[in-house]
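Participant: got a predicted structure plus its sequence, pasted below:
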Amino acid sequence: MSITGRLIINLQLRNIARNIVNENRCLSSSSIISENVMKLEESVQEHELDTFENTKSSNDNNVSSTQDDRTLLNYRYAYPEFLPDPNMLHRNFLREKLERQDMLARRSNIEIPEFYVGSILSVTHSDKHAPGKTNRFLGICIFRKGCGLRHSFILRNVIDKMGVEVLFEMYDPTIQKIEVIRLEKRLDDELFYLRDAPPEYSTFPLDMEPEYHPEGMPIRINDMKITLKPPPWTERWERRQLEGVVGVMDLVNEKRKIKAGLKIHTKPWEKYDLMKMYRETIPEEEQKAIFSEIQTKLHELELHRHKMKRSRSFVKPKKTG
């Protein structure tokens, strides 16, 4: 083989080797790039997963905190006596805190159940003039008022065709037992119109048996509509926006109908008075602070009540024969 031919073959082999090296470089670089891309995708997926878990945990925390806030705010309906007087002239933060401690101490000695206006209660209290030194009264709750240790409620019943109303101080030391016979609500916040209603709406047997209400179930709202007796009444009920009374306008004369239609007694501008609303209510932040302070103690009292109820319901078997 001539020298020229050998040179041509060497050049061709060199070109082939160079191409192979270039291809290997390209392959190695492409593999490195693909590996880098895969690592980048994995890191992005891990970051997205961490972000999703953090978002989910934060959402769960927000939901749980929202539910806790709702639970605390729902205490204002079951335990309205723990809220202070909204009038700032009557506020004393030290006295309110001491009163809450006294109320919890009283609740540890006597069971004070949850009830509302419209619930039927029986109250057993000490009475030195009674034959057994105790007296028991059963009736429907028509009104609740007061704050702190001054909280009170009124029970009404018709006994021997005579309407009887008794005002009880909730934290009166003479009260021995408060029992809920029927747990329910009414359409109105006050039931004073039962004084001018037929007696059958306020008549309840004194030996009425308690009705079972499952734990955790919503409170039933009694949407019963009643009719009043003809005037005279204790109040001008035609001027009140009552949801539990029907046929009021049919029982009054034309003059009273005209005055009720003119709504002279109403004050429609009060719904725009923000300062009046502020003075008559307790801010939600303060309500949360108050009920978060007593929530633990109330929960402990509730657990103790359930435990005592189970122990009372157990009947030890007796030996026979």
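Facilitator: Yep, it's here.

Participant: does residue 259 lie in a helix or a strand, and which?
Facilitator: According to DSSP states H and E, residue 259 maps onto helix 254-262.

Participant: buried sites along that helix?
Facilitator: Across helix 254-262, burial judged by 16 or more other C-beta atoms under 10 Å covers 256, 260. Bear in mind the C-beta positions are built from the backbone N, C-alpha and C, glycine included.

Participant: touching it from outside, list them.
Facilitator: The set of residues external to helix 254-262 that reach it, using C-beta atoms under 8 Å, 6 or more residues apart in numbering, is 236, 238-239, 249, 252, 265.

Participant: dump the residues you listed to CSV, plus neighbour count and distance to residue 85.
Facilitator: Shown next, in CSV, are those (neighbours: other C-beta atoms under 10 Å; distance: C-beta to C-beta, whole Å):
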residue, neighbour count, distance to residue 85
236, 14, 28
238, 20, 32
239, 16, 27
249, 12, 36
252, 19, 36
265, 10, 26
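
Participant: quick check: the farthest pair among those?
Facilitator: For these, the farthest-apart pair by C-beta to C-beta is 249 and 265; their separation is 15.1 Å.

Participant: after the helix holding residue 259, heading C-terminal, what element do we hit next?
Facilitator: Using DSSP H and E, the next helix or strand after helix 254-262 towards the C-terminus is helix 274-280.

Participant: gap between that next one and the chain center?
Facilitator: With C-alpha atoms, centre = their mean, to the nearest Å as the basis, helix 274-280 stands 23 Å off its chain's centre.

Participant: assign the spatially most central residue of the chain to helix, strand or coil.
Facilitator: Centroid check for the chain by C-alpha atoms, centre = their mean gives residue 74 as the closest residue, at 2.0 Å. The three-state label given to residue 74 by DSSP: H, G, I helix; E, B strand; the rest coil is helix.

Participant: and the strands in the stretch 51-200 of the chain?
Facilitator: For the stretch 51-200 of the chain, the strands defined by DSSP state E, counting those that start in this stretch cover 120-126, 134-145, 152-159, 162-169, 175-182, 184-186.

Participant: next one: the stretch 201-321 of the chain
Facilitator: Here the stretch 201-321 of the chain has its strands, by DSSP E, counting those that start in this stretch, at 220-222.

Participant: so, low pLDDT: which residues of it?
Facilitator: 309-321 (pLDDT under 70).

Participant: which one of the contacts of helix 254-262 is nearest to residue 159?
Facilitator: Distances from residue 159 to the contacts of helix 254-262, taken by C-beta to C-beta, are shortest for residue 236, at 28.0 Å.

Participant: excluding chain neighbours, what is closest to that closest one?
Facilitator: Residue nearest to residue 236 in three dimensions, not counting chain neighbours: residue 256, with 7.3 Å by C-beta to C-beta, 6 or more residues apart in numbering.

Participant: next: residue 180.
Facilitator: Leaving aside its sequence neighbours, residue 180 sits nearest to residue 113 (C-beta to C-beta, 6+ apart; 4.8 Å).

Participant: need the contact list for that neighbour.
Facilitator: 178-180.

Participant: give me the buried subset of those residues.
Facilitator: Counted by 16+ other C-beta under 10 Å, the contacts of residue 113 give 178, 180 as buried.

Participant: nearest to residue 126 among the contacts of residue 113?
Facilitator: Set against residue 126, the nearest of these by C-beta to C-beta is residue 178 (13.5 Å).

Participant: surely that closest one touches residue 110?
Facilitator: Yes. Under the criterion of C-beta atoms under 8 Å, residue 178 makes contact with residue 110 at 7.4 Å.

Participant: all the helices of the protein, residue numbers only.
Facilitator: 3-78, 93-109, 254-262, 274-280, 284-313 (DSSP state H).

Participant: distance between the ends of stretch 269-286?
Facilitator: Using C-alpha to C-alpha, to the nearest Å, one end of stretch 269-286 lies 27 Å from the other.
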